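1. Here's my sequence, what's the structure:
(one chain, ligands or ions: 1)
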Amino acid sequence: MANILIVYSSTDGQTQKICHRLRVVIERQQHQVTVVSIDDVSQLDLTGFDKIVLGASIRYGHHSPQIIAFIEKNRHLLDSIPNAFFSVNLVARKPEKCTPESNPYLQKFLKRIAWKPKELAVFAGKIDYPSYSFFDRSIIRLIMWMTKGPTDPMNVVEFTDWQQVELFGQVIMEDLTAKQDCKTSPH
Ligand SMILES: Cc1cc2nc3c(=O)[nH]c(=O)nc-3n(C[C@H](O)[C@H](O)[C@H](O)COP(=O)(O)O)c2cc1C
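-> I've put the predicted structure just below:
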């Protein structure tokens, strides 16, 4: 059984929801999972985890500065064990921008940080117009109008592909399963 930490940065809850789905997928294979917000991660002893997964959403073009600070502070620890990063944004709803290689936010992020995550993913997020402030709703509607997305201010649209999330859960477990096999191998 491996011990996996998932740290998330989420403003409206969609990245958190994705983390909880990953937890369900991973726990099904009898691994232990801790899911924690970036706001609370400083209270946690980071040693003893077999893998660390970070997930962060995009707001006005950027991942949260907190997640970047966490990466910079814990770079050596992250590099010393299996690790992964995923980004959640609305641009990823477009088929031509939904992979780690084609998503502009993830590519920009990777250039900005020194850490090279071993596994990467991008998930399309959610629009929840009724829950946004007038300012945010107006800006997001304008961006959606320009990029041919939904603009009805009463609309809630979840673009997240949950099958893709489940597959990423499998990917997260792959190197851990290999490690466990090595541990149990007699040679
Ligand atoms: C105020 C605001 C700004 C956003 N800015 C962007 C953006 O610049 N690019 C983008 O692709 N998505 C943007 N989004 C969409 C979010 O990334 C998406 O809603 C995501 O699901 C939010 O995840 P969270 O609930 O975990 O914070 C924005 C959403 C809001 C509410």
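
2. CA only for contacts and neighbour counts going forward, please
-> OK.

3. does V33 sit in a helix or strand, and which one?
-> According to DSSP states H and E, V33 maps onto strand 32-37.

4. ok, now L110?
-> helix 104-112.

5. Could you pull up phi and psi at the most centrally placed residue in the chain?
-> Centroid-nearest residue in the chain, with Cα atoms, centre = their mean: G55, separated by 2.5 Å. Per-residue torsions, G55: phi -130, psi 140 (degrees, to the nearest 10).

6. returning to what we had before: can you pull the buried residues of the helix holding L110?
-> Neighbour-count burial for helix 104-112, counted by 16 or more other Cα atoms under 10 Å, picks out 104-106.

7. What residues does the nearest residue to V91 once chain neighbours are set aside make contact with?
-> Among residues not flanking V91 along the chain, K97 sits closest, at 6.5 Å (Cα to Cα, 6 or more residues apart in numbering). Residues near K97 by Cα atoms under 8 Å, 6 or more residues apart in numbering: 91, 103-104.

8. Those residues: which ones sit near the ligand?
-> Among the contacts of K97, the residues lying close to the ligand (Cα under 6 Å from any ligand atom) are V91.

9. Now render the contacts of K97 as a markdown table, adding pLDDT.
-> Formatted as a markdown table, the contacts of K97 follow (pLDDT from 0 to 100):
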| residue | pLDDT |
| --- | --- |
| V91 | 98 |
| N103 | 98 |
| P104 | 98 |
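
10. Just name the closest of the contacts of K97 to the ligand, please.
-> Using Cα to the nearest ligand atom, V91 is the member of the contacts of K97 that lies nearest the ligand, at 4.0 Å.

11. phi, psi of S138?
-> Note on S138: its backbone torsions stand at phi -60, psi -40 [degrees, to the nearest 10].

12. ok, how many other residues are close to it?
-> If you count neighbours by other Cα atoms under 10 Å, S138 ends up with 15.

13. which of the contacts of K97 lies closest to Q32?
-> Nearest to Q32 among these: N103, at 30.5 Å, using Cα to Cα.

14. I'd like to know how far the closest residue to that closest one other than its chain neighbours sits from I139.
-> Leaving aside its sequence neighbours, N103 sits nearest to K97 (Cα to Cα, 6+ apart; 4.6 Å). Applying Cα to Cα, to the nearest Å, the value for K97 to I139 is 21 Å.

15. With E72 instead?
-> Look at E72 and I139: by Cα to Cα, they are 31 Å apart.

16. which sections of the protein are below the confidence cut-off?
-> Within the chain, the stretches with pLDDT under 70 are 178-187.

17. Could you list the residues of it in contact with the ligand?
-> Taking Cα under 6 Å from any ligand atom as the criterion, the chain approaches the ligand at residues 10-16, 57-61, 88-91, 125-127, 136.
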